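Undergrad: Sequence plus the predicted model coming up.
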Amino acid sequence: MVSSMIVQIADAAQSKSNSTFFIIGDYGNINHLDYANKTFDAMNNIVGNPQTDIDKAEFIVSCGDNLYPEVSAEPTIEEFTTMLNMFKRPNLAKLPVWAIRGNHDTYFNWTDELLLNMEQTQWQLPSFYYTKLVPAGSDGELMGLLFVDSILMLCSDYTAANLQDHPINDPELSSWYNDYCENEQWVAWGNSQYDWILQTMKEWDANEKIIWRATIQHYPMFPAHYAMSDFTGIVKYFLPLLQQHKFDLYLCGHEHLMAYAEVPRNIDIISIEEISKKQLHELQYTHPKMCDYGVITTYGSNSGTSRVVMQGESLHQVTTGFTGKSAYSICRDRLQPAVYKYAENTHWAWTQVLVTNSTMQLLSRGVQHDSSDVKDLYSLTISRVPIQTQESSVWVVDTIWCLVVVCLVLSVFFFIRSK
């Protein structure tokens, strides 16, 4: 029954004034756990020795690809145990793990990770898609987390199931579609998920206590490595819903890198589709894409790795797909200046989130392969209260000085005339 896949989880501690959580993605690489061990060790140390409130994690969110078994279609009990034991570090063991599936989690029996709930209380994947409400203020304010299954979204009639409009460029994704999405049951489940999404968004609109809204799924809308045509269906059908219902965050993984993209509220969906078609054409008929490794920032005049914005101006896509896998290259020809603000693939990393009734702070942090030192990669602060920018502060100071000078000049002038 599809209805059995619909779950809503409400946090019991509604009197809290804030919530803090860590985000991970693409981490359970059984054949090579060195990378994941470095990031999990670092997270464990931070939670055990918090320097600020954003270090005091209360739960972990996984954006999928939780397990990469040695035989992709036949994970063993030992491999699942190895994956779950990563969260058993002393300071992480107390934190619930709220997960969603990635594409690699569908190559084996689709109920395997759901059944882990029955054996491990820390592991929380109650359904393919579900919601979680967490405290965001002392007056009962809430943050809504909408966990969405990318795989069912891909298989629905709403998105890439219509391959005439949205051809899939990535061979792995195309093969997956042919194996799964031709199944009418999967398409029906995908459609049911969309119906549930619409109903949930309407319920949240009617709840004035929900002041922050985020959706979590595996696939990005705007990739930094893959061709955007692979995800145009999500952009065309899901993005308008996120804009209409005033979502703040789109949290994802899949690409093995860290990235931040800002999607303006008034973005033109038609223009996005045209960009996608152009990229697909270039991939098929021109020279190879410009892909490389390193750090790319496209803040323009606001250069740097820290950004402060007002709530409501944009939807913010934060990609955390580099917690335990080898890096993907970043393709510069796919970083649209109006969308992408930051991308990097030099640190295995995670993202920390602190939400209050006035601000939401996101801080991505990572470690390098030759060091265990933690580095702050980039930060994003979304504010519900007016922001006094540096430029406006300078303008105010300059104006005050001008008035002072004018007053002095006039005082001297009238003094001289009085003589």
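TA: Right, received. Where do you want to start? Numbering: from 1, shown residues only.
Undergrad: Give me the pLDDT for the closest residue to Trp98 other than its chain neighbours.
TA: Leaving aside its chain neighbours, Trp98 sits nearest to Gln124 (4.8 Å; criterion: C-beta to C-beta, 6 or more residues apart in numbering). From N, CA and C alone the C-beta is placed, and that goes for glycine too. Looking at Gln124, its pLDDT reads 95.
Undergrad: Please state the backbone phi and psi of Gln124?
TA: phi -120, psi 90 (degrees, to the nearest 10).
Undergrad: can you tell me how far it sits from Ile216?
TA: Going from Gln124 to Ile216 by C-beta to C-beta, to the nearest Å gives 12 Å.
Undergrad: now the helices for this protein?
TA: Taking DSSP state H, the helices of the chain run over residues 34-48, 77-85, 112-119, 150-155, 171-180, 184-205, 232-237, 239-244, 269-285, 390-418.
Undergrad: show me the contacts for Gln317.
TA: Contact analysis of Gln317 by C-beta atoms under 8 Å, 6 or more residues apart in numbering lists 220-222, 249-252, 259-263.
Undergrad: If we use 10 Å, what do you get?
TA: Shown in contact with Gln317 (C-beta atoms under 10 Å, 6 or more residues apart in numbering): 215, 220-223, 239, 242, 249-252, 259-263, 339-341.
Undergrad: what does Gly366 give?
TA: Per C-beta under 10 Å, 6+ apart, neighbours of Gly366: 38-39, 42, 258, 322-323, 344-351, 373-377.
Undergrad: roughly how far apart are the one residue sitting closest to the centre of the chain and Asn357?
TA: For the chain, Leu251 is the residue whose C-alpha lies nearest the centre (C-alpha atoms, centre = their mean; 1.8 Å). Applying C-beta to C-beta, the value for Leu251 to Asn357 is 20 Å.
Undergrad: before we move on, the earlier item: list residues touching both of Gln124 and Ile216?
TA: 61-62, 98-99, 132, 147.
Undergrad: would you list these in CSV and tack on distance to Leu115, pLDDT and neighbour count?
TA: Converted to CSV, the shared contacts of Gln124 and Ile216 look like this (distance: C-beta to C-beta, whole Å; pLDDT from 0 to 100; neighbours: other C-beta atoms under 10 Å):
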residue, distance to Leu115, pLDDT, neighbour count
Val61, 20, 98, 25
Ser62, 16, 98, 30
Trp98, 16, 98, 21
Ala99, 13, 97, 24
Lys132, 20, 97, 24
Phe147, 18, 98, 28
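Undergrad: Report how many residues lie close to Asn18.
TA: 22 (other C-beta atoms under 10 Å).
Undergrad: Please disregard the earlier target; I meant Glu70.
TA: 10.
Undergrad: Comparing Gln124 and Ile216, which residue is more hemmed in?
TA: Ile216 (25 against 21).
Undergrad: wait, Asn66 sits on Gly28?
TA: Yes - in this structure, Asn66 is within contact of Gly28 by C-beta atoms under 10 Å, at 5.0 Å.
Undergrad: Now do the shared contacts for the two.
TA: Common neighbours of Asn66 and Gly28 (C-beta under 10 Å, 6+ apart) are 80, 83-84, 86, 102, 104-105.
Undergrad: Just the buried ones from these?
TA: Those of those that meet the buried threshold are 80, 83-84, 86, 102, 104-105, by 16 or more other C-beta atoms under 10 Å.
Undergrad: Of the residues you listed, just say which sits nearest to Ile330.
TA: Using C-beta to C-beta, Gly102 comes nearest to Ile330 of the buried ones among the shared contacts of Asn66 and Gly28, at 19.8 Å.
Undergrad: For Ser358, see how far away that closest one is.
TA: Counting by C-beta to C-beta - Gly102 and Ser358 are separated by 33 Å.
Undergrad: Show me what Cys291 bridges to in the sheet.
TA: On the basis of DSSP bridges, Cys291 is bridged to Cys331.
Undergrad: give the contact list for it.
TA: 224-225, 328-334.
Undergrad: Kindly report the same for Lys246.
TA: 201, 204-205, 210, 212-213, 265, 311-312, 315.
Undergrad: Highest neighbour count among those residues?
TA: Counting by other C-beta under 10 Å, top hit in the contacts of Lys246: Trp212 with 26 neighbours.
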